[in-house]
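> got a sequence here, can you build the structure:
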Amino acid sequence: MSRDGNTAARSVESGETRGWLNAGARVIRVLLSDPKVRSDIDTVARHVDPDEAPELVRSALWTDTGVTATVISVAPNVLNAAIETARELGIQTRRLPPALVNATADQLLSKIRYRQLGLATGQGLAMLIAWLRARRAQPNDAWTQWAQGVSEALREAGIEPSEAMDLPLETVAARLERVVRENPAGVERATAVIRRVMDRHPDLVAALRGNQVEEEQ
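Purely as a prediction, here's the structure:
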């Protein structure tokens, strides 16, 4: 085992938080200095096949129940690692030339599978809602921290949160107007749901009214 591997193994055995990602960062710095390794990475990256991702997940989860238990137990760490990775990618991206970032964003946005993204988002929300219902939990603290993080990241980029909402809200409003005209029965049901939710959360109603009064003043 390499020196970095031994260090990571000792960290895991001793209960320290430093582990394979820490060792991996050091190993990657060495590997990426090798032109052959960089060429191999380019070859591998060009052969990522999104259509086979579901099969990869099924194989990882159901080939062996012991592995399934391990995957489930480390899921929080994996999720947090993905969050930290996305955060750092955003920070480092700001160091790239704007023209390159824009070109990459155009290519990325043109190839995203939006329906699959919507399905994945919906499944995540469904799991969250089921969890909240089962425990009658109130995710106020989590939502507050999430909103604070979003606002902080926007301000780091020189964008006020209210400004960031203008464009998407205009788009949503235009589409919502069409939905309202074409689906009156659905709108009536949605309105009834909103009323029931607001009846169960009077503090939310009071807060919204307070914000409205402040804006009018």
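
> how about residue 155, what does it touch?
For residue 155, the contact set (CB atoms under 8 Å, 6 or more residues apart in numbering) comprises residue 161. All C-beta spots, glycine's among them, are computed from the backbone N, C-alpha and C.

> what pLDDT does the model give it?
Here the pLDDT value assigned to residue 155 is 84.

> point out where this structure drops to low pLDDT.
Applying pLDDT under 70 to the chain flags residues 1-18, 136-140, 164-173, 204-217.

> now the most centrally placed residue in it: which helix or strand?
The residue lying closest to the centre of the chain (CA atoms, centre = their mean) is residue 83, at 6.8 Å. For residue 83, the host element (DSSP states H and E) is helix 65-93.

> for that helix, the distance to its chain's centre please.
How far helix 65-93 lies from its chain's middle: 11 Å, per CA atoms, centre = their mean, to the nearest Å.

> residues near residue 23, how many?
19 (other CB atoms under 10 Å).

> could you check the angle the helix or strand that it is a member of makes with helix 65-93?
For residue 23, the element it lies in under DSSP H and E is helix 20-31. Counting by axes from the mean of the first three to the mean of the last three CA atoms, to 10 degrees, helix 20-31 lies at 60 degrees to helix 65-93.

> quick thing: my sequence starts at 34, can you match it?
Will do, 34 is the new start, and the previous item becomes helix 53-64.

> what are the buried residues along helix 53-64?
For helix 53-64, a neighbour-count test (16 or more other CB atoms under 10 Å) marks 56, 60 as buried.
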